[in-house]
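Peer 1: need a 3D model of the sequence below.
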Amino acid sequence: MATIYEVSEAAGVSLATVSRVMNGNAKVSERTRKKVEDAMASLGYQPNAIAQSLASNRTNSVGLLVSELHGSYFGDLMSTVEQVLKQNGKHVIITAGHVNVDREHEAIEFLKSRRCDALILHAEAVSDDYLRKLVDSKLPVVIINRKVDNLDDNCFVVDNEQGGYLATHAAIKQGHRNIGYISGPLFKKDASDRLAGHKRALAEAGIEFEASSLFEGDFHESSGQEGMQYMQTHFSKLTALVCANDEMASGAMTAAREAGFDIPSQLSIIGFDNVLFSRYLYPKLTTINNPIHAMGEMAAHWVLQHVYNIKSSMAIEHLFVPEIINRDTLGKL
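Peer 2: Sure, this is the predicted structure:
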């Protein structure tokens, strides 16, 4: 097995120069870098990752915390972050916090123990104060889908309140006034913001919000089914149903069909997220686009720029605007 000394001799440069090339040091000229890389290739030299990280104080790994490992939403986030970082020679270590304070703390400490160069967090349970202290510790941290006061440059968020407003406003424009709503868990900021947007659209149209029109789900498909069943008993006059994510909307569609409703002639349904499967449901789901792909991409580029000094042609944006995706489940009353 070739050694770094042999690479140095073959390239005709010092050991320090070989080390700078392996660690991506910008002070090395392109001509010298090519000589070293050619020598490594011809000798079949494989750098020792541990030795590299000790020498450069970088592990070339980024920690990613998500709430769950399943589902289209988090799948899109994980694959986007991994793809962008991998294209730039970085690796991703993924762990889940399951929307639990202790488990999120444990997951973050795990990522720190692996000497990750930066953390990308979809954290829902830990406090804002905890996140501010984490950023103050000088560890580069990016926060997705959550706005934390005084950390604007570290946060990448969609305007969830506006998304909730757009969904209900779309139903109202089609003549619906008896609109049911299946929310996510209301202790989550994105869920409560989407509900606030729903209520704003109702108030703007002069429609009184009725407590019986609300079912609090958990963002999973089964609670969409339960929510639809609840509506049949407690808010049976509904002609449109707005769901706080596409998974619950798909569950509600199943329950509605089983109850004999035709979608959308008898019942309109609107989702939120625009995940991949929403365009393959039957009928195709009208939904709100939640640009998690773009947020993940921006978060990864932020890390590349701030941690590894790898510039991007993209302008870094922190606030994303939702939009209605009109398909086939919203009908005119």
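Peer 1: after the helix or strand in which residue 256 is found comes which helix or strand?
Peer 2: Per DSSP states H and E: residue 256 is located in helix 246-258. Per DSSP H and E, the first helix or strand lying C-terminal to helix 246-258 is strand 268-270.
Peer 1: returning to that earlier point: per-residue confidence averaged over the helix holding residue 256?
Peer 2: The average pLDDT within helix 246-258 is 97.
Peer 1: do stretch 148-158 as well
Peer 2: So the average pLDDT for stretch 148-158 ends up being 95.
Peer 1: count the neighbours of the nearest residue to residue 180 once chain neighbours are set aside for me.
Peer 2: In this structure, residue 180 finds its nearest non-sequential neighbour in residue 238, 4.2 Å apart by Cβ to Cβ, 6 or more residues apart in numbering. The way it works is simple: take the backbone N, C-alpha and C, and place the C-beta from them, glycine included. As a burial measure, residue 238 scores 21 neighbours (other Cβ atoms under 10 Å).
Peer 1: SS state for residue 238?
Peer 2: coil (DSSP: H, G, I helix; E, B strand; the rest coil).
Peer 1: for it, grab phi and psi.
Peer 2: phi -60, psi 140 (degrees, to the nearest 10).
Peer 1: count the neighbours of residue 290 for me.
Peer 2: So residue 290, with other Cβ under 10 Å, has 26 neighbours.
Peer 1: contacts only, for it.
Peer 2: Residue 290 makes contact with 73, 158, 163, 272, 273, 274, 322 under the criterion Cβ atoms under 8 Å, 6 or more residues apart in numbering.
Peer 1: test my guess that residue 202 contacts residue 179.
Peer 2: Yes - under the criterion of Cβ atoms under 8 Å, residue 202 makes contact with residue 179 at 7.2 Å.
Peer 1: now do the shared contacts for these two.
Peer 2: Joint contacts of residue 202 and residue 179 (Cβ under 8 Å, 6+ apart) are 168, 172.
Peer 1: more neighbours, those two?
Peer 2: Between residue 202 and residue 179, residue 179 has the larger neighbour count (other Cβ under 10 Å), namely 25 against 22.
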